[in-house]
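*Asks:* Let's see this in three dimensions:
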Amino acid sequence: MIIIWGKRRTRFIAVGILSLVLIVGIHLLDFANPFSNPDDLSASMDVISACATSDFEHPNDSNSVAVPQIPNVVHQIWKTNDLRTYSTQMTASHDQWKQALDPLNYTIKLWTDDDILQLINGSYPWLSSTYEGYPQNIQRADIARLLVVHAEGGIYADLDVYPTSATQIQCLQSLNLEAIFAPVSGTLGLSNHFFMAERGSPFLQWALYEGKRRGGATSRFIPLPYLRVFWSTGPTMVTAAFRKYAWLYGTLQHNLGLLDDGYSTAVIQHKAGRSWHGSDGQAFNYIADHVRMDSVVVIVAFFSIILGVAYVVRRRYF
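*Replies:* Model (predicted):
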């Protein structure tokens, strides 16, 4: 049994409390403000638990469907055109999207880093300094996916996201919603690994503004890279942007859709390569995938206290 006396005990308590306050504070940045609340999003947007596909199973019928407002384009992003450098243990999904949707007259588009810079310099110069100032490539990739879909409309899919059903994707487009997102933790958040939107989506524009707002010095006070990315450009940012958007424009709330957690696998398969994650991200992402968001802060605080204990023990005995 290890007994910590005097100053060491005080240091132990201080480290634990500081860790707890830090993590809870980050959590409150998004969920304790007048524009948001930690409840699920079902009251603010359409939660899609099924989509009737009968209109797409017989495309030659006279009752053919109208052209959707979300274009038949799938956007994906990588550093270069050489997907052999994709740095996870799986094959990039680009060819699978082509096989599934090329026969249905979809365009499958791969954007490179140079393409994104050209788009920003030509159409979004107000984002240039924020984009180039991010310390991590994943932050640029997070913003880039919002940019390309806002600029051209269509579907975005990470390279570790694979199509399950082309018919279901067509069906979602036929709902004539402004945008549809994959879920995080049930219906508590919006993910950015798969989404679709019309060209010039007002919500995506709002999310880009939110991303720029969070791209300044504030995020640098978040010590863990994983949490910094999620807060500044990732799902936490997108979800917070939506909560503010819904709060201000409540009459438009049903122009946006969220895939029900149980239904999303009928549309896509997410193998979650997560090649950019460090050890902190691997641990916290498992939690985010399996635990409700209101429980995450408790678990993260617990891990923070454990880290505090480890720090003190290491300083004392090693």
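
*Asks:* Quick one: classify residue 182 as helix, strand or coil.
*Replies:* Following DSSP: H, G, I helix; E, B strand; the rest coil, residue 182 is assigned to strand.

*Asks:* Equivalent analysis for residue 190, please.
*Replies:* Classified using three-state DSSP, residue 190 is strand.

*Asks:* which one is it nearest to, not counting chain neighbours?
*Replies:* The shortest distance from residue 190 to any residue other than its chain neighbours is 4.2 Å, reached at residue 181 (C-beta to C-beta, 6 or more residues apart in numbering). Bear in mind the C-beta positions are built from the backbone N, C-alpha and C, glycine included.

*Asks:* Now do the strands in the stretch 51-200 of the chain.
*Replies:* In the stretch 51-200 of the chain, the strands defined using DSSP state E, counting those that start in this stretch lie at 73-77, 107-111, 154-157, 161-163, 179-184, 189-197.

*Asks:* Dump those strands into JSON lines; add mean neighbour count as well.
*Replies:* JSON lines is the format used below for those (neighbours: other C-beta atoms under 10 Å):
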{"stretch": "strand 73-77", "mean neighbour count": "22"}
{"stretch": "strand 107-111", "mean neighbour count": "18"}
{"stretch": "strand 154-157", "mean neighbour count": "25"}
{"stretch": "strand 161-163", "mean neighbour count": "22"}
{"stretch": "strand 179-184", "mean neighbour count": "24"}
{"stretch": "strand 189-197", "mean neighbour count": "24"}
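
*Asks:* can I get those in a markdown table with distance to residue 266 and mean pLDDT?
*Replies:* Listed next are the strands of the stretch 51-200 of the chain as a markdown table, based on distance: least, C-beta to C-beta, whole Å; pLDDT from 0 to 100:
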| stretch | distance to residue 266 | mean pLDDT |
| --- | --- | --- |
| strand 73-77 | 17 | 98 |
| strand 107-111 | 21 | 98 |
| strand 154-157 | 15 | 98 |
| strand 161-163 | 11 | 98 |
| strand 179-184 | 12 | 95 |
| strand 189-197 | 13 | 96 |
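
*Asks:* Using TSV, lay out those strands together with distance to residue 42.
*Replies:* Converted to TSV, the strands of the stretch 51-200 of the chain look like this (distance: least, C-beta to C-beta, whole Å):
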stretch	distance to residue 42
strand 73-77	27
strand 107-111	32
strand 154-157	23
strand 161-163	23
strand 179-184	11
strand 189-197	12
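
*Asks:* Identify the residues contacting stretch 116-128?
*Replies:* With contact meaning C-beta atoms under 8 Å, 6 or more residues apart in numbering, stretch 116-128 is reached by 77, 111, 131, 140, 143, 144, 147, 148, 151, 208, 212.

*Asks:* Okay, buried residues for that stretch please.
*Replies:* 116, 119, 120, 124, 127 (16 or more other C-beta atoms under 10 Å).

*Asks:* Just confirm the residue nearest to residue 190 contacts residue 257, I think it does.
*Replies:* Yes. Using C-beta atoms under 8 Å, residue 181 is in contact with residue 257, at 7.3 Å.

*Asks:* hang on, the earlier thing: pull the most distant pair out of the contacts of stretch 116-128.
*Replies:* 111 and 212 (19.7 Å; C-beta to C-beta).

*Asks:* follow-up on the earlier one: in helices, which of the contacts of stretch 116-128 fall?
*Replies:* 131, 140, 143, 144, 147, 148, 151, 208, 212 (DSSP state H).

*Asks:* Nearest to residue 226 among the residues you listed?
*Replies:* Here the nearest of the ones in helices among the contacts of stretch 116-128 to residue 226, counting by C-beta to C-beta, is residue 140; it sits at 16.2 Å.

*Asks:* Identify the residues contacting the closest one.
*Replies:* Contacts of residue 140 (C-beta under 8 Å, 6+ apart): 113, 116, 131, 134.

*Asks:* try it again with 7 Å
*Replies:* 131, 134 (C-beta atoms under 7 Å, 6 or more residues apart in numbering).

*Asks:* do you know how far it is from residue 237?
*Replies:* 14 Å (C-beta to C-beta, to the nearest Å).

*Asks:* for the stretch 51-200 of the chain, which spans come out with low pLDDT?
*Replies:* Within the stretch 51-200 of the chain, the stretches with pLDDT under 70 are 55-67, 88.
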